[in-house]
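[1] just a sequence and a predicted model for now, questions to come.
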Amino acid sequence: MTQQSLGEFEELVLLMVAAQHDEAYGVTILEGLEEKLKKKVNISAVHVALKRMEDKGFVKSRFGGITEDRGGRRKKFYVITALGKKMLDAQYDLRNSIYKQIPKISFG
Amino acid sequence: MKVPPKYPLQFLRWFCREDYLDEIEGDLMEVFIKQSESSPRKAKWNFGWSVIKYFRPEFLKPFKKTFHPESSDMYKNYFKVALRNLTRHHTFSIINIAGLSLGITCALFIFLIVNYELSYDRYHVKADRIYRVNNGEPGNADTGTPHGLAEILRSEFPEMEDVGIIFKLNPEQSNIEINQELFRENNTYFVQPQIFKLLDFTWLQGKPESLTEPHHAVVAQSIADKYFRGDAIGKTLKLNNGSDFTITGILADPPVNSDFPVRIVLSYATLEKLNQSHLNNRLDAGSNSYSQTLFSLRAGIDPQTIDTKLRKMVERHVAKDRQQFVSFFIQPISDIHFNVGNFNQRTIAKETISTLQLIGLFILVIACINFINLASAQAIRRAKEVGVRKTLGGSRNSLVFQFLCETFLITLTALLLAFGVTSQVITFSESLFSIPLSNDALFRMDTLLFMGATLILVTLLAGFYPAFVLSGFLPAHAMKGAVSGIKSLFVRKSLITFQFLISQVLIVCTILVIRQTNYFLSAPLGFNKEAVITFDLPNSKATHLSTLRNSLLTHSEIENVSFSLNTPSATINTWWANLRHESFSGDERSAEVKYIDSTYLSMFEIQRVAGTTVLPDLTGKSIIVNEALVKEIGIMDPEQAIGEKVSYWNTDAIIIGVVKDFQTVTLQEGIHPVILTSTGYYAKGSVKIDMTRVTEALSIIEKHWKETFTGNYFTWAFLDDQLATFYHEEKKIASLLITFASIAICIGCIGLFGLIAFVATQRAKEVSIRKILGATVAHLTAILSGNFIKLVLIAGMIAWPIAYYIMESWLQGIANRIELLDNAWVFVLSLLVTVALAIITLSTQTIKAALENPVKNLRSE
């Protein structure tokens, strides 16, 4: 079984897939990330993350129809799986719980 | 339109997994299009960069199937099916392989021969800038140059690195005496030490510098072993009963492909010291063809400038009135193998080489045609397979590839077979064609490359058409067995015609070359060559000669004795003089000068035309000439030429007699003007003997010769044998042609055999039905083979003019030639022979088919 781990960039991509439910494919994810992160992201990084997460079972994919503007190439849409959602939840909970333990510190 | 950069995209498609490609390429395109709206350049750059970033393991195609996914199993299948087909139709496989390997053997052999001939003197390090200076004009040149030329070249041509003279002695002068024993060593040379800076020789002992001293000699290893048991240094050898030479060095024997096959090298300084008469320093002096001047050009100098400078040199050194008769030109050393006058006496014309190459190519083509014909005839058998493969998704390309694979397999087998055969027969090439080839040549890189190229060429040439036909079948038709063969039938017929066309051209040419060679050997020469024995004369002292003559004539076996410069036809001691006559108005012509004695004309039966045949004195001032000379000086009636004054060299002479023309040079050339006179100088003795008592006559001659010329080396030869050696080259061509023509016709017949075997089984039912309805065996045979015979006849008709044209151009340069129209029967004969061979080949199958019991073929349907 693949190890259940999620890298930082992977987590961002997974969040984006979840957010763009059923409409997410390479380019939309890329644009979403660039908008939120306010920096350039290379499309290949997105694809690498997607492939890895697909292997781990966090996302699943399906092919869309052929459109003209992509040189006749099909889109591949990604949907988050139950496992992926659980992973995001677990990650969120983990961070939240640790965050809550932070004592009140005042910085100046 | 926004187009992404081509090469990154191609690269992506090449490495990327098929199942990811849609997504990745599509996304890349989308990003690219969006980006290029703002900045197209940046978009392109980005595209390429992204593609490179994709080049990582998880996106790569699986390695094993990088180029043709899932195809290695198909290759296995192709080869399996090919092997099955080869073994199932083993007759056709054998025919195919036999024909192809014969063809490839021929091509390989010709490649080796041509390569060998072209390799002459290419092995010298400076080979590409060594030249020989020739005397005269290209086309009418003498390979020898006057002695003084080398010195002038050294002092006046800074472009020349080294200049050297190499002078080969005539056979009768190449007698050496070692420990009081006489031997003849044909490759004895006087050489200047500079020659060793030009040509590559391996010095086993000694140094080239030792040859600057007179009376020094260097011998080849073979000579050292033969006469001195390897220990030659410091030993002495004597040349022709004359000067002594001390051996100061040993050379390795030069390779066979050298036109400088030296065995004994004598220092040229000896000649200079003895100051022999031929060492004339004047550039317009006559020269010995075997005294040749070589030089190396400094790197980077245009050789053409040398010819111009040579002309200026002549202007500086030759008196004004003689300049028009003197000229020199240079010839690259790689070229001298193809002209008469190299020391090896083994020349081959460049035309012969290209003819051989052409023949090799044609034979290969004939062999390929066999394959094409058989394969396309058998296409029907493979139709079902093609149909099934196409239905299951086999593309036309993959089918073409499959059939090419099969051809490749067959060609490879044939090639290996040819290689084996060649390695076995190669040793016979020396005795068959006098070309010394060895097995080493087979394993050289260029030979292996040639074989690789042949493999590919034959595979494509032989395999392409059948593959094209087979893969073109429509699956539905192929499965039903309804493949029409009309188109391929026409192609097949033309191919057969072409095959037999080439075979017949070759046959006609072969027979005509043989006829011409035989004509050379039997043509009337204008003098008697039968029953004449010739020998060399070491000197022409009158006392010696009269003793020899008188003692010989006391025997009844000896009919006549004559002393002369040379025999009527000769290739050595042919002396050419500049001829002058008042009718030339200051111009000069050339004439051959022959020194004869009083019995010469009667013994060789040269006919008198006018005047007398008795030469009164030995001054050379009274001359007998031939009719050609009379014509040359513009006199029609020989009688009127008597008393005419001419001059040759610097002698003023009077014509006292005219004889009929006779052949003085090889028959390739015509009749030249000839001067016959006496000076008392003789080099050749000729004796007419009684042919019924040859052995006795020979021993008598030997005995008296040795008594007269004690301490000299005796050899003899029959004149007619000697004359026959002039035509070695023609004989060699003839024997090569015979071999290759027979192989060509053989391959053609093999192909015909395969085709008729196939046709006979195809038409078995038809033949059976005809037989039941009453056709005779003869009739059936005719029906089956008629078509093929027609093709052979057509081929013959086309072959005639082609062969005529080829032979006409070959014969053009030959003065004494056969006439093609007199030999029309050769053309007819070659056609008849080919038809006969075709009929024999065909009948082996057709008669068998016609004799078969009809029940056998009609029983099952």
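    Sure thing, it's come through.
[2] ok, B:Val218 - contacts?
    Taking CB atoms under 8 Å, 6 or more residues apart in numbering or on different chains, we find B:Val218 in contact with B:206, B:210-211, B:247-251, B:264-265. To be clear about C-beta, it is placed using only N, CA and C from the backbone, and glycine gets the same treatment.
[3] okay if I get the residues you listed as TSV plus secondary structure and pLDDT?
    TSV is the format used below for these (DSSP: H, G, I helix; E, B strand; the rest coil; pLDDT from 0 to 100):
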residue	secondary structure	pLDDT
B:Gly206	coil	87
B:Ser210	helix	88
B:Leu211	helix	87
B:Ile247	strand	91
B:Thr248	strand	91
B:Gly249	strand	90
B:Ile250	strand	91
B:Leu251	strand	91
B:Ile264	strand	92
B:Val265	strand	91
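[4] which of those residues lies closest to chain A?
    Closest to chain A out of those is B:Leu251 (71.9 Å), distances taken as CB to the nearest CB.
[5] which strand residues bridge that closest one?
    Note on B:Leu251: beta-bridge partners B:Trp203, B:Ala220, judged by DSSP bridges.
[6] near whatever residue of chain A ends up closest to chain B, how many other residues are there?
    For chain A, the residue closest to chain B is A:Arg73, as judged by CB to the nearest CB, at 3.1 Å. Using other CB atoms under 10 Å in any protein chain shown, A:Arg73 has 19 other residues around it.
[7] helices of chain A, start to end?
    In chain A, the helices defined using DSSP state H lie at A:8-19, A:26-37, A:43-56, A:82-100.
[8] next, format the contacts of B:Val218 as CSV and append neighbour count.
    Output for these, formatted as CSV (neighbours: other CB atoms under 10 Å in any protein chain shown):
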residue, neighbour count
B:Gly206, 18
B:Ser210, 16
B:Leu211, 26
B:Ile247, 26
B:Thr248, 22
B:Gly249, 23
B:Ile250, 22
B:Leu251, 24
B:Ile264, 25
B:Val265, 29
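[9] in the chain, which ranges drop under the pLDDT threshold?
    No chain was given, so I picked chain A. Low-confidence segments of chain A, defined by pLDDT under 70: A:1-3, A:108.
[10] meant chain B actually
    Low-confidence segments of chain B (pLDDT under 70): B:1, B:63-71, B:241, B:275-280, B:481-488, B:860-861.
[11] residues touching the nearest residue to B:Tyr648 once chain neighbours are set aside, list them.
    Leaving aside its chain neighbours, B:Tyr648 sits nearest to B:Ala577 (4.0 Å; criterion: CB to CB, 6 or more residues apart in numbering or on different chains). Residues near B:Ala577 by CB under 8 Å, 6+ apart: B:590-593, B:648-649, B:675.
[12] helix or strand: which one has B:Ala577?
    Secondary structure assignment for B:Ala577, by DSSP states H and E: strand B:575-580.
[13] wait, B:Ile656 touches B:Ile623, no?
    Yes: the criterion here is CB atoms under 8 Å, and B:Ile656 meets it with B:Ile623 at 6.9 Å.
[14] which bits of chain A sit near chain B?
    Taking CB under 8 Å from any CB of the partner chain as the contact definition, chain A meets chain B at A:25-27, A:30, A:42-45, A:47-48, A:51, A:63, A:69-71, A:73-76.
[15] among the residues you listed, which ones are buried?
    Among these, the ones that count as buried by 16 or more other CB atoms under 10 Å in any protein chain shown are A:25-27, A:30, A:43-44, A:47-48, A:51, A:70-71, A:73-76.
[16] not counting its neighbours along the chain, what's nearest B:Lys197?
    For B:Lys197, ignoring the flanking residues on the chain, the nearest one in space by CB to CB, 6+ apart is B:Asp162 at 4.4 Å.
[17] chain center to stretch A:34-41, what's the gap?
    Stretch A:34-41 sits 14 Å away from the centroid of its parent chain (CA atoms, centre = their mean, to the nearest Å).
[18] hmm, who's touching that stretch?
    By CB under 8 Å, 6+ apart, stretch A:34-41 touches A:12, A:16, A:30, A:33.
[19] much appreciated, bye for now.
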